[in-house]
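*Asks:* Just the structure for this:
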Amino acid sequence: MQLDALQSLALSVAQARSPDSVLMQMVQGLGMWDGVALARVWLLRDTEHEPPYLELKASIGASIAEPSRRWNRTDGAHQKILLSYGKVGYIASNNRPLLLQRGPRDWLVQPDWADAEGIQSFAGQPLCFKGQVLGVVAFFSRRRLEKADLDWLRVFADHAAVAIANARAFEEIARLKESAERERDYLREAVRSALQHGDVVAESPEMKRVLAQVQAVARTDSSVLILGESGVGKELIAAAVHDQSGRRDGPLVKVNCASVPRELFESEFFGHVRGAFSGAARDRQGRFLLADRGSLFLDEVGEIPLELQGKLLRVLQERTFEAVGDDRTREADVRVIAATNRPLDVEVERGRFRRDLFYRLNVLPIEVPPLRQRRADIVPMARRFLRTTAHRLHLPERELSAEDERALLAYDFPGNVRELQNIIERAVVLSTRAERGLGLELGRVAATDAVPAARREELDASDVMGEDAFRELERRNVLNALRRCGYRIAGERGAAKLLGLSPSTLTYRMKQLGLERPR
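*Replies:* Numbering: from 1, shown residues only. Presented below is the predicted three-dimensional model:
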């Protein structure tokens with residue numbers, strides 16, 4: 001019967017791909033032995049937060065005192081056994097087999113149960129693979145066991161230990177495959193984004209200077225900080241830096257820092273191991289490990305809470321980190337490209353951003369100008385969006401009319417490139433083939449969002465205003481607002497409120513326009 005059970009186990013575990021399935025096959029094979037009343041398997045658990053213990057993972061048996069009763073559950077009094085406790089703990093801690101015969105009533109912990117079930121012997125063997133104890137297999141028998149039975153159990157246990165090790169290896173392979181698939185998904189998303197937006201349009205001198213900076217910084221491996229208002233295309237610039245660098249064959253992984261909850265910050269960036277916290281059902285790789293040998297794009301880096309910025313700084317300085325719940329130190333060869341629409345130097349002075357982290361990120365800054373300051377890019381960019389939008393929505397391609405181009409050039413795009421794309425997509429969807437052009441009617445939006453009414457009428461009466469004159473008008477308007485508010489920026493009486501801007505946007509524009517608070 002033992003030989004039949006061993007052959008059954010060998011055939012079953014050859015197809016098993018998880019430790020749980022192997023353990024179930026083990027106890028079912030033991031249940032085929034003559035006289036077996038109860039067979040169980042425990043696996044060793046060794047965690048950082050508590051002493052090592054044996055966890056009951058599989059159980060099979062039936063009562064003769066109560067014929068309807070089965071012992072197939074893995075919870076209860078023997079679910080968790082310390083290595084210092086009882087027969088099973090002895091087998092694991094000493095890595096030695098144990099054979100006990102019926103004797104005085106105290107030969108088992110539960111003598112009444114043994115008497116009722118006619119238990120004659122107990123046998124147990126350690127599950128050992130390459131000198132390491134994995135757990136214990138043991139059973140109670142209603143017939144008297146001999147040393148030959150213990151030897152058969154040793155063969156059984158050795159075979160099962162190999163099967164458990166193999167199943168764990170299959171689990172690790174599955175985990176690595178999942179990680180590779182997740183990385184593939186990140187890469188596919190990056191490709192989709194690139195196809196949607198196309199290469200950077202740089203007809204204007206301002207954007208040509210930006211691309212020259214991109215080519216210069218791509219040759220190095222230092223951190224890059226991309227500055228600019230929301231919607232100017234900072235993500236495209238980050239992709240351009242990555243694609244022109246020596247890391248182009250590695251992944252470009254994006255993290256939107258504003259969308260990461262502070263309680264999940266470490267898990268998102270550094271990963272976690274199974275059981276590290278409630279809900280951590282499996283190991284998870286963080287973004288730093290996913291970006292190994294590639295680039296990590298930290299969008300809206302200014303939104304990282306102050307108390308968590310030190311953890312990011314440590315990784316940037318030492319290139320090492322620990323996953324949540326893991327004591328192993330990991331390394332990641334990652335180039336960090338950060339982006340923000342907030343003036344981080346001002347945030348540093350206000351105590352909302354760490355100075356040392358700012359200096360670590362601001363090694364190679366690239367400032368992307370807003371769309372209203374690179375008007376030569378507006379029409380070429382609109383034409384590109386026309387083609388890509390029509391293709392994506394399976395609509396016929398359209399052309400911009402002269403009226404459309406004048407409307408686009410007369411508009412100041414407070415939402416920058418993102419707003420331009422949305423405007424074109426909306427016009428493509430709503431226009432008909434009978435129309436000539438898109439019939440864009442955008443109206444003028446002043447660059448500061450708060451140009452006085454009289455001056456706005458003067459602007460409307462003019463067909464064209466040069467970029468220098470327009471920039472000077474913007475500068476004068478911001479300066480007037482600052483003087484009226486006593487150079488107070490934020491608050492109900494601040495210039496930002498008067499201009500209809502956020503304090504961070506006003507501070508950023510002051511820097512662009514060369515305006516400073518008087519000392």
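*Asks:* Need the three-state assignment for the closest residue to Pro365 other than its chain neighbours.
*Replies:* Once its chain neighbours are removed from consideration, Pro365 has its nearest residue in Leu225; the separation is 4.8 Å (CB to CB, 6 or more residues apart in numbering). C-betas here are computed from N, CA, C, even on glycine. Per DSSP: H, G, I helix; E, B strand; the rest coil, the secondary structure class of Leu225 is strand.
*Asks:* beta partners of Leu225?
*Replies:* In this structure, Leu225 bridges to Ala338, Pro365 when assessed by DSSP bridges.
*Asks:* quick one: it and Val301, what's the gap?
*Replies:* Noted for Leu225: a distance of 8 Å to Val301, by CB to CB, to the nearest Å.
*Asks:* Kindly report the same for Glu50.
*Replies:* For Glu50, the distance to Val301 equals 38 Å [CB to CB].
*Asks:* And for Lys177?
*Replies:* Taking CB to CB as the measure, Lys177 and Val301 are separated by 31 Å.
*Asks:* and if you look at Val324?
*Replies:* 21 Å.
*Asks:* repeat for Phe122
*Replies:* From Phe122 over to Val301 (counting by CB to CB), the distance is 62 Å.
*Asks:* what does Phe358 give?
*Replies:* 10 Å.
*Asks:* try Ala427
*Replies:* The spacing between Ala427 and Val301, counted by CB to CB, is 34 Å.
*Asks:* okay, those two: which has more neighbours?
*Replies:* When Ala427 and Val301 are compared for neighbours, Val301 comes out ahead with 26 against 23, by other CB atoms under 10 Å.
*Asks:* Now do the same contact list for the residue positioned nearest the centre of the chain.
*Replies:* Residue closest to the average C-alpha location in the chain (CA atoms, centre = their mean): Glu268, at 4.3 Å. For Glu268, the set of contacting residues under the criterion of CB atoms under 8 Å, 6 or more residues apart in numbering consists of Val255, Val260, Gly286, Arg287.
*Asks:* and what of Phe358?
*Replies:* The neighbourhood of Phe358, defined by CB under 8 Å, 6+ apart, consists of Leu344, Asp345, Glu347, Val348.
*Asks:* same check, this time on Ala382
*Replies:* Leu400, Asp404, Glu405, Leu408, Leu420, Ile424.
*Asks:* SS state for the first one?
*Replies:* Classification of Leu400 using three-state DSSP returns coil.
*Asks:* Share the number of residues neighbouring it, please.
*Replies:* A count of nearby residues for Leu400, using other CB under 10 Å, gives 19.
*Asks:* correct me, but it touches Met381?
*Replies:* No - with contact defined as CB atoms under 8 Å, Leu400 does not count as touching Met381 (11.1 Å).
*Asks:* how about the strands in the stretch 1-150 of the chain?
*Replies:* Using DSSP state E, counting those that start in this stretch, the strands assigned to the stretch 1-150 of the chain run over residues 36-45, 53-61, 80-82, 98-101, 121-129, 132-141.
*Asks:* Switch those over to a markdown table; also include distance to His391, mean pLDDT and mean neighbour count.
*Replies:* As requested, those are exported to a markdown table (distance: least, CB to CB, whole Å; pLDDT from 0 to 100; neighbours: other CB atoms under 10 Å):
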| stretch | distance to His391 | mean pLDDT | mean neighbour count |
| --- | --- | --- | --- |
| strand 36-45 | 56 | 90 | 22 |
| strand 53-61 | 55 | 90 | 21 |
| strand 80-82 | 61 | 89 | 16 |
| strand 98-101 | 73 | 90 | 15 |
| strand 121-129 | 57 | 91 | 23 |
| strand 132-141 | 57 | 91 | 23 |
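*Asks:* Just the CA coordinates for stretch 371-390, please, in PDB.
*Replies:* What follows is the C-alpha trace of stretch 371-390 in PDB, where atoms were taken according to Å, rounded to 0.1, in the frame of the first residue of the first chain:
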ATOM      1  CA  LEU A 371       2.000  77.900 -25.800                       C
ATOM      2  CA  ARG A 372       1.200  81.600 -25.900                       C
ATOM      3  CA  GLN A 373       5.000  82.300 -25.900                       C
ATOM      4  CA  ARG A 374       5.700  80.000 -28.800                       C
ATOM      5  CA  ARG A 375       2.900  81.000 -31.300                       C
ATOM      6  CA  ALA A 376       4.800  79.700 -34.300                       C
ATOM      7  CA  ASP A 377       4.100  76.200 -32.900                       C
ATOM      8  CA  ILE A 378       0.300  76.600 -32.700                       C
ATOM      9  CA  VAL A 379      -0.800  76.000 -36.300                       C
ATOM     10  CA  PRO A 380       1.700  73.100 -37.000                       C
ATOM     11  CA  MET A 381       0.600  71.500 -33.700                       C
ATOM     12  CA  ALA A 382      -3.100  71.900 -34.600                       C
ATOM     13  CA  ARG A 383      -2.500  70.300 -38.000                       C
ATOM     14  CA  ARG A 384      -0.900  67.300 -36.300                       C
ATOM     15  CA  PHE A 385      -3.700  67.000 -33.800                       C
ATOM     16  CA  LEU A 386      -6.200  67.100 -36.800                       C
ATOM     17  CA  ARG A 387      -4.500  64.100 -38.400                       C
ATOM     18  CA  THR A 388      -4.000  62.000 -35.300                       C
ATOM     19  CA  THR A 389      -7.500  62.700 -34.000                       C
ATOM     20  CA  ALA A 390      -9.200  61.800 -37.300                       C
END
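*Asks:* Now that stretch: buried residues?
*Replies:* Taking 16 or more other CB atoms under 10 Å as the basis for neighbour counts, the residues of stretch 371-390 that come out buried are 371-379, 381-386, 388-390.
*Asks:* Pop the domain breakdown of the chain in here.
*Replies:* According to the domain assignment given by automatic domain parsing, the chain is divided into the following structural domains: 2-171, 198-369, 381-445, 447-519.
*Asks:* Look up how far Phe277 lies from Trp42.
*Replies:* From Trp42 to Phe277 the distance is 25 Å (CB to CB).
*Asks:* make that Tyr359, sorry
*Replies:* As defined by CB to CB, Tyr359 lies at a distance of 33 Å from Phe277.
*Asks:* thinking again about what came up before, tell me the most packed of the contacts of Ala382, by neighbour count.
*Replies:* Ile424 (26 neighbours).
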